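Visitor: using only what follows, build the 3D model:
(2 chains)
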Amino acid sequence: MPAVDLRPARGTRVVAEPAALDRASLPAGAVALRLAPDEVLVLGDGPVSVVEDPFAIVVSDHGWSAASLAWVDFDRLVRPHIEWHLYDARGLAQGRVAGVPAKLWMTDDGVLLVTPTCHVDELRERLR
Amino acid sequence: MRIVLDGAPLDVADGDTVALAALRAGQHPGHGGTLCLAGDCPNCVAQVDGVGWVRTCQTPARPGMVVRRHPEIGGPSLYSDRTAVSTTVRHIGADVVVIGAGDSGRAAADEARAAGREVLVLDAGRGDEVVGIYAGPTVIVRRETGMAHVGAGAVVVATGAAELHPVCPGNRLHGLVTSRAAEALSAAGVDLGRVVAVGTPPVGVAHTAADGELVRFEGDGTVSAVVVRGADGTERSYPCDTAVVGLGLAPRDVLGRSGAVHAGVRVVGPAAERFTLPAVPVAGIVCPCSRVDMDDLDGVWARGFHDLELVKRASLCGTGTCQGAVCGPYLQAFVADRSGTAPAPFTARPAARQLTIGEAAAGVFQDPFKRTPLHDEHVALGARMDRWGGWWRPWHYGDHVAEYWAVREAVSLGDVSTLGKMVVDGPDTVEALERLYPTTIADIRPGRSRYVLLLNERGHVIDDGMVVRETHTRFVLTFTSGGAANAEMWVRDWIETWGLRVHVLDRTTSLAAINVTGPFAGELLQRLGVDEPPKFLQHRHAPVAGIDCHVMRLSFTGEASFELHHDVDVSAELWRALMDAGRDLGIRPHGLQALFGLRLEKGHVIVGADTDMDTTPRRIGMDWAVKMTKPDFLGKAALARTEGLPDRRRLIGLTMDGPAPTEGTPVLLGDEVAGHVSSTFASPLLGHTVALGWLKRGWDPDAGLPAIVTVDGRTAALAEPPFYDREGARARR
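Guide: Numbers count the residues shown, from 1 in each chain, chains lettered A, B, ... in the order given. Reported below is the predicted structural model:
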């Protein structure tokens, strides 16, 4: 059992006008990671609708993996491998973890560590 | 408790440092010179458990520790019998980092805490050896447990002051210590014998004061007398076993000077003070690290080096282990005396302490190589995996020639998940792509695709790929595996620069792709539900073995080829379905080794392998991929400006007998090196070697290309690619 249990995470990737993204319809309970002003990664099942931008790119995206960590485990297993300053504010942070591109979704309950699946084996090894 | 010093056992008391243990046994931890026992000087450095340049006065003795003195001249061997160890690094943070736990450090820490700031105090005496301060500020710390990289809101350098070392004849003898060191040794119960003190005397240490100006130390290996000159000019000799020097202080500011260039770093207390410079010595070793004496400094000065930094570089004074902590004040005093102007201390830069390569590299990861979703399939099939273009790729599956023949005569699978894959959409997409590519885009109909070069502003080829039109406004763009990341930035930057309304989504790592190639490729797709596979350069979405795929018909191998782009999580399922359905067709996967040969027979270039940084389409014979009649595209102005100029650089095709020469082998015209081969392949089908290579000089464009060249000592004939199926019929059938 790896210490950081990264598993495939299905979702939807959307690129659209920022204002349209702000008013996009997202599935209830989904985690929406605003990767850029014009881009969101929605982790979870259910349709995403961006009605205000006819050119919006909305595609299913199965190329990610994620691990949910309690803060205590995150502090023990992941934080020591982050070279950049990680502010304690909740929300999304993006950068390299142990040199591997990753995204961190931080809530009061813990941290969701997200990385492209093509990096999972390398990240697991580096966090071991 | 015992340690081993130069092969001999040494008893150690609890709490002793290595240096203290040696001194307790009546030995010098190094090869002589004044000991400060504060980590400032180089006189106690030794090799500890295989690691050289360790300050033994800062190193707690541990049972079984193996200590070796450095050679008296030079450093320890770089070749260590020490087993390589992985040095860990912890990344921690604090509002305020205070370096130094002395009076000024405590005051700074108290002040910060009173302001509600989180404070981290680092002190070498407590095991936190700060080796450098970098922008951020980030403080690099060596600990017994590994390295720590501390991100700080602010850094206070409170490292205090160091004691001056004596510079006079005899200052390399054993038995010389500073006042503070004498106090520490006395407190530790070390018998100092007869003590003579010069200058500020040690507190609590019985001694005889030698009044007067220090002239020299006398002794045979170990000090036996201190000679001073009294106010009346006469010399007096004081017999002793230990000479204690209290000659004043200098700021301990190597960290402060190197760190204060960064925002958020300030230096306080004695480390920030300007002390009176010492008197210029008359003789003796000034720099114990580099063994620079006063004669050396005078010689450098006489040769015209009159700036502190130049004196330092010319003499090496201050370039050693202690980074000027011992010699710096004397060097300043020397230049001040000779020039009449007191210079500032010389520039300090990290690291302030010697590091092992492991410590310096701790926490530094190489860029990860990505794995396709078919990685395990390749391994299970016996593939030799190798790194290429940022990914782990199958190089071959044990028999690259058999893989080659499967493509040419049957059907084969290639994992091309690594290709860059991008979706663009928006009202200005066509306009953006017309500007990005030298090829016409507007006339590509939905359902069609076109091969394209990507040029930079100078008209140099930076990548290639396909433009695949889905709808009036939506396109899929593909790029090379190694060029994908750069291409994404390139496309985004230009669209943003132009202010065009185009959405960009990079799908490189979200989509897998399998290339089904060979004469039976179409039949294989039909078996798996694609009733009418797309024709050449057409594409459509269709389920293959029940898996949604974007099927693109193109060819890199020279045979009929279909790229199946699909979600990564179903890639292994699709791969197995294709392998199963093609078994009776002679299917087998092919790796890069076969692929590179297949494409070389077709004369297809690999950007980055067959191209240089300044390769234009003309140089690789791909003018046909450039439409100079277009209103504009990136690189057009440069190509227009240079198209009439003579250019001897040409990518040429070559055929030759015998085995394929190594890529990079020189191409000779007569006896002159005229270029090199960039790709080579001993073609199983053609029965000879084919190659691409560069001619860069030695031929006259007006007279035309030469007919033959010499490669690897053999004659090679120029031949215009492709070498195989020149009409391209096999890719289209």
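Visitor: shaky segments in the chain?
Guide: Let's take chain A. Applying pLDDT under 70 to chain A flags the ranges A:1-2, A:88.
Visitor: switch to chain B, please.
Guide: Counting by pLDDT under 70, the ranges of chain B that qualify are B:79-84.
Visitor: got the residues of it near chain A?
Guide: Counting by Cβ under 8 Å from any Cβ of the partner chain, the positions of chain B adjacent to chain A are B:89-91, B:93, B:136, B:149, B:151, B:363-373, B:375, B:391, B:423, B:425-427, B:473-474, B:501, B:503-505, B:507, B:509-511, B:567-570. All C-beta atoms are positioned from the backbone trio N, CA, C, and that covers glycine.
Visitor: if we go to 6 Å?
Guide: Residues of chain B found near chain A (Cβ under 6 Å from any Cβ of the partner chain) are B:90-91, B:151, B:365, B:368, B:370-371, B:423, B:425-426, B:503, B:505, B:509-510, B:567-569.
Visitor: helices along chain A, start to end?
Guide: For chain A, the helices defined by DSSP state H cover A:18-22, A:71-73, A:120-127.
Visitor: which one of those helices lies nearest to chain B?
Guide: Chain B sits nearest to helix A:120-127 of all these, at 4.2 Å, using Cβ to the nearest Cβ.
Visitor: distance from the chain centre to that closest one, please.
Guide: Centroid separation for helix A:120-127 versus its chain: 17 Å, with Cα atoms, centre = their mean, to the nearest Å.
Visitor: swap in stretch B:212-232?
Guide: Here stretch B:212-232 is found 51 Å from its chain centre; the criterion is Cα atoms, centre = their mean.
Visitor: likewise stretch B:4-24?
Guide: For stretch B:4-24, the distance to the chain centre is 39 Å (Cα atoms, centre = their mean).
Visitor: please identify the deepest-packed of the helices of chain A.
Guide: Compared across the helices of chain A, helix A:120-127 shows the largest average neighbour count, a mean of 19 (mean count of other Cβ atoms under 10 Å in any protein chain shown).
Visitor: ok, back up a step: let's have the helices of chain A in TSV, adding distance to B:C36.
Guide: Below are the helices of chain A laid out as TSV (distance: least, Cβ to Cβ, whole Å):
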stretch	distance to B:C36
helix A:18-22	62
helix A:71-73	44
helix A:120-127	41
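Visitor: and chain A, which residues reach chain B?
Guide: Going by Cβ under 6 Å from any Cβ, the residues of chain A near chain B are A:8, A:15, A:55, A:57, A:61-63, A:80, A:82-83, A:85, A:98-100, A:116, A:118-119, A:121-122.
Visitor: apply 8 Å and report the result again.
Guide: A:8, A:10, A:13, A:15-16, A:38-39, A:55-57, A:59-64, A:79-86, A:96, A:98-100, A:116-123, A:126.
Visitor: which parts of the longest helix seen in chain B are buried?
Guide: In chain B, taking DSSP H as the definition, the longest helix is helix B:484-498. Using 16 or more other Cβ atoms under 10 Å in any protein chain shown as the burial criterion, the residues of helix B:484-498 that qualify are B:A484, B:A487, B:E488, B:W490, B:V491, B:R492, B:W494, B:I495.
Visitor: in the stretch 451-600 of chain B, which spans are strands?
Guide: For the stretch 451-600 of chain B, the strands defined by DSSP state E, counting those that start in this stretch occupy B:461-469, B:475-479, B:503-506, B:511-517, B:539-544, B:547-554, B:561-567, B:588-589.
Visitor: elements contacting the fifth one?
Guide: With contacts taken as 3 or more Cβ pairs under 8 Å, 6 or more residues apart in numbering or on different chains; DSSP states H and E, strand B:539-544 sits against strand B:547-554, helix B:571-581.
Visitor: 10 Å instead, please
Guide: strand B:461-469, helix B:521-527, strand B:547-554, strand B:561-567, helix B:571-581 (3 or more Cβ pairs under 10 Å, 6 or more residues apart in numbering or on different chains; DSSP states H and E).
Visitor: now the fourth one against strand B:461-469, angle please.
Guide: Computed with axes from the mean of the first three to the mean of the last three Cα atoms, to 10 degrees, the direction of strand B:561-567 lies at 80 degrees from that of strand B:461-469.
Visitor: wait, doesn't B:T242 sit right on B:L185?
Guide: Yes: counting by Cβ atoms under 10 Å, B:T242 touches B:L185, with 8.4 Å between them.
Visitor: helix or strand: which one has whichever residue of chain B sits closest to chain A?
Guide: Residue nearest to chain A within chain B: B:F365 (2.7 Å; Cβ to the nearest Cβ). Counting by DSSP states H and E, no helix or strand carries B:F365.
Visitor: ranges for the helices of the stretch 351-500 of chain B?
Guide: B:357-361, B:375-380, B:400-409, B:429-436, B:484-498 (DSSP state H, counting those that start in this stretch).
Visitor: what's the closest of the ones you listed to B:I547?
Guide: Nearest of the helices of the stretch 351-500 of chain B to B:I547, taken as Cβ to Cβ: helix B:375-380 at 14.8 Å.
Visitor: name the residues of the closest one that are buried.
Guide: Here helix B:375-380 shows B:H375, B:E377, B:H378 as buried, counting by 16+ other Cβ under 10 Å.
Visitor: OK, contacts around the spatially most central residue of chain A?
Guide: Nearest to the mean C-alpha position of chain A, by Cα atoms, centre = their mean, lies A:V114 at 4.3 Å. By Cβ atoms under 10 Å, 6 or more residues apart in numbering or on different chains, the contact set of A:V114 is A:6, A:9, A:11, A:31, A:33, A:35, A:41, A:43, A:64-67, A:92, A:94, A:101-105.
Visitor: what of A:R23?
Guide: By Cβ under 10 Å, 6+ apart, the residues touching A:R23 are A:A16, A:E17, A:S49, A:V50, A:V51, A:E52, A:D53.
Visitor: write the PyMOL selection for whichever of those residues are buried.
Guide: A single PyMOL command selects the buried members of those (16+ other Cβ under 10 Å):
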select buried, chain A and resi 16+17+50+53
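Visitor: between the contacts of A:R23, which sits nearest chain B?
Guide: For the contacts of A:R23, the nearest to chain B is A:A16 (6.6 Å; Cβ to the nearest Cβ).
Visitor: is it correct that that closest one is in contact with A:R34?
Guide: No: contact criterion Cβ under 10 Å: A:A16 and A:R34 do not qualify, at 11.6 Å.
Visitor: wait, a helix at B:A109?
Guide: Yes: per DSSP: H, G, I helix; E, B strand; the rest coil, B:A109 lies within a helix segment.
Visitor: what's the neighbour count on B:P251?
Guide: Other residues within reach of B:P251, judged by other Cβ atoms under 10 Å in any protein chain shown, total 23.
Visitor: just the one 3 residues further on next, same as before
Guide: Around B:V254 sit 26 other residues, with neighbours defined as other Cβ under 10 Å.
Visitor: isn't it right up against B:G324?
Guide: Yes: here B:V254 reaches B:G324: they are 6.9 Å apart, a contact under Cβ under 10 Å.
Visitor: what do these two both touch?
Guide: When contacts are counted by Cβ under 10 Å, 6+ apart, B:V254 and B:G324 are jointly contacted by B:P345, B:A348.
Visitor: now the residue in chain A positioned nearest to chain B: how far from B:G358?
Guide: Among the residues of chain A, A:G99 lies nearest to chain B; the distance is 2.7 Å by Cβ to the nearest Cβ. Distance, A:G99 to B:G358, by Cβ to Cβ, to the nearest Å: 16 Å.
Visitor: now B:I462: how far from B:G389?
Guide: According to Cβ to Cβ, B:I462 and B:G389 sit 14 Å apart.
Visitor: what sits against the spatially closest residue to B:T471 that is not a sequence neighbour?
Guide: Once flanking residues are discounted, B:T471 sits nearest to B:P446: 5.6 Å by Cβ to Cβ, 6 or more residues apart in numbering or on different chains. Applying Cβ under 10 Å, 6+ apart, we find B:P446 in contact with B:V468, B:R469, B:E470, B:T471, B:H472, B:T473, B:R474, B:F475, B:H539, B:R540.
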